[in-house]
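Novice: Just need the structure, nothing else, for what follows:
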Amino acid sequence: MEMLPIDPKEYYGPVVEELQKLRKEVTELRRENQAQRQALAGLYQTNMKLRQTRRVLFEVMGDDRTSFSSHGDGEPGAVR
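Specialist: Numbers count the residues shown, from 1 in each chain. Alright, predicted model coming up:
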């Protein structure tokens, strides 16, 4: 059986193109992931500030916080 000479560029060209396309896609997904992580970190910081504010308000009001659910409706564990 005779082997025909194969031009590597012709044979691997589509594979290389697909690999380059996938690398670009991975790079874009990493950028999006980083942006989402930064947004999540910002939300986390805001949440922590709100929790601290809530603690201070309860201290100022003299409440023990056990009579309130996390929903602020006055019923322990009540869901709106």
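
Novice: okay, and for this protein, where does confidence drop off?
Specialist: Scanning the chain for pLDDT under 70 picks out 1-5, 64-80.

Novice: let's see it at 80
Specialist: Scanning the chain with the threshold set as pLDDT under 80 gives 1-11, 63-80.

Novice: Show me where it has its helices.
Specialist: With DSSP state H as the criterion, the chain has helices at 8-61.

Novice: How about the backbone phi and psi for G62?
Specialist: With angles defined as degrees, to the nearest 10, G62 sits at phi 80, psi 10.

Novice: quick one: it from R54, how far?
Specialist: For G62, the distance to R54 (C-beta to C-beta, to the nearest Å) stands at 14 Å. For every residue, glycine as well, the C-beta is placed using N, CA and C.

Novice: neighbour-wise, which of the two wins?
Specialist: R54 (14 against 6; other C-beta atoms under 10 Å).

Novice: now L57: how far from E17?
Specialist: From L57 over to E17 the distance is 60 Å, taken as C-beta to C-beta.

Novice: typo on my end, K9
Specialist: In this structure, K9 and E17 are 11 Å apart, going by C-beta to C-beta.

Novice: With R51 instead?
Specialist: For R51 relative to E17 (C-beta to C-beta), the value is 51 Å.

Novice: Can you name the residues that contact Q20?
Specialist: Taking C-beta atoms under 8 Å, 6 or more residues apart in numbering, we find Q20 in contact with no residue.

Novice: re the thing from before, shared neighbours of K9 and E17, anything?
Specialist: Contacts common to K9 and E17, judged by C-beta under 8 Å, 6+ apart, are absent.

Novice: Can you get me a residue count around F58?
Specialist: 13.

Novice: quick one: it and R51, what's the gap?
Specialist: 11 Å.

Novice: Same check on Y12?
Specialist: 56 Å.

Novice: cool, and E25?
Specialist: Distance, E25 to R51, by C-beta to C-beta: 38 Å.

Novice: How about R37?
Specialist: When R37 is compared with R51 (using C-beta to C-beta), they lie 21 Å apart.
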